[in-house]
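1. can you look at this prediction? I've put the sequence above it.
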Amino acid sequence: MNNFASAATDLVKVYGSGATAVRALDGVTVGFRPAAFSAIMGPSGSGKSTLMHCLAGLDTATSGAALLRGTDLTRLSDTALTRVRRDRIGFVFQAFNLLPTLSAEQNVLLPVTLADRKVDRVWFERLVEVLGLSSRLSHRPSELSGGQQQRVALARALVTRPEVVFADEPTGNLDSRASADVLGLLRQAVREFGQTIVMVTHDDRAASHADVVVRMADGRVVEAVAA
Ligand SMILES: Nc1ncnc2c1ncn2[C@@H]1O[C@H](COP(=O)(O)OP(=O)(O)OP(=O)(O)O)[C@@H](O)[C@H]1O
């Protein structure tokens, strides 16, 4: 499992206890290749978000391992986990989650600012150019379209060059044109920057942009195929 950028081994997540317990993950073993675009699909309630949250260190597992390049996140302290999330993982959410009072540039640079790190201007300029944000950097989120806001969120996720970007329904709030645009950019990040991306989606069209599709049902992986 160490060859994978992100992996789960026999991952179990039980919410609640006793008669009302829900086994959201029922022994998931799966690996996500580096520099590939992977999609997790499956019916509502099949455990997609729970798997992603455990792999991204946003939720704790009941048992099993959630590996980020061989680091088992289930064994880390809260402080260590916070650092891993900040330094080694990028996030893109359905609801963009940009800070409304900051400009696009400040939003993109937020993970660098928070980590008190030096901004790599060359990398920043390249990202902004590839994502088509050069003329939008001084705008606040409210002055941007949904597609532009998601591009800012994507730049924010990529700015630290994380080992994995986890995207949770990244096109869920976008119309079909903006969706195609964002999916094309996710693909481009994989192709040009060697970025590893793991995306949860309901949308067959979104999944068709991925290299690999992992299908879940009832808390288990039922299929993992090259798209
Ligand atoms: N915080 C929670 N407390 C209790 N049960 C939960 C919690 N989060 C998820 N579950 C349950 O775990 C199961 C898996 O949920 P999960 O959100 O991972 O599914 P999903 O495939 O992402 O669904 P959707 O596509 O609707 O987002 C569901 O039965 C859900 O009701």
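-> Thanks, I have the structure now. Numbering: from 1, shown residues only.

2. C-alpha only now, for contacts and for neighbours.
-> Fine.

3. roughly how far does Val165 sit from the ligand?
-> 17 Å (Cα to the nearest ligand atom, to the nearest Å).

4. hmm, who's touching stretch 166-174?
-> 49, 52, 56, 89-96, 146-147, 150, 178-179, 182-183, 197-202, 206 (Cα atoms under 8 Å, 6 or more residues apart in numbering).

5. which ones among those also lie next to the ligand?
-> Ser49 (Cα under 6 Å from any ligand atom).

6. in strands, which of the contacts of stretch 166-174 fall?
-> Of the contacts of stretch 166-174, the ones assigned to strands by DSSP state E are 89-93, 197-200.

7. export the residues you listed as JSON lines, with columns for distance to Ser17 and pLDDT.
-> JSON lines is the format used below for the ones in strands among the contacts of stretch 166-174 (distance: Cα to Cα, whole Å; pLDDT from 0 to 100):
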{"residue": "Ile89", "distance to Ser17": "31", "pLDDT": "96"}
{"residue": "Gly90", "distance to Ser17": "32", "pLDDT": "95"}
{"residue": "Phe91", "distance to Ser17": "30", "pLDDT": "95"}
{"residue": "Val92", "distance to Ser17": "31", "pLDDT": "94"}
{"residue": "Phe93", "distance to Ser17": "29", "pLDDT": "92"}
{"residue": "Ile197", "distance to Ser17": "33", "pLDDT": "97"}
{"residue": "Val198", "distance to Ser17": "30", "pLDDT": "97"}
{"residue": "Met199", "distance to Ser17": "29", "pLDDT": "97"}
{"residue": "Val200", "distance to Ser17": "27", "pLDDT": "96"}
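
8. filter those down to the buried ones.
-> 89-93, 197-200 (16 or more other Cα atoms under 10 Å).

9. what comes up buried for the helix or strand bottoming out on mean pLDDT in the chain?
-> Taking mean pLDDT, DSSP states H and E as the measure, the chain has helix 204-207 as its least confident helix or strand, at a mean of 88. By 16+ other Cα under 10 Å, the buried positions in helix 204-207 come out as 206-207.

10. who touches it?
-> So helix 204-207 is contacted by 39, 41, 171, 179-180, 183, 201, 213 (Cα under 8 Å, 6+ apart).

11. in the protein, which spans are strands?
-> With DSSP E as the criterion, the chain has strands spanning 6-15, 22-32, 37-41, 63-68, 71-72, 89-93, 164-168, 197-200, 212-217, 220-226.

12. surely Leu55 is in contact with Thr9?
-> No. Leu55 is beyond contact range of Thr9, at 10.5 Å (criterion: Cα atoms under 8 Å).

13. hmm, back to that, could I get the ones in strands among the contacts of stretch 166-174 as a markdown table with distance to Pro141?
-> Shown next, in a markdown table, are these (distance: Cα to Cα, whole Å):
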| residue | distance to Pro141 |
| --- | --- |
| Ile89 | 23 |
| Gly90 | 19 |
| Phe91 | 17 |
| Val92 | 15 |
| Phe93 | 15 |
| Ile197 | 24 |
| Val198 | 25 |
| Met199 | 23 |
| Val200 | 24 |
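
14. give me the low-pLDDT residue ranges for the chain?
-> 1-2 (pLDDT under 70).
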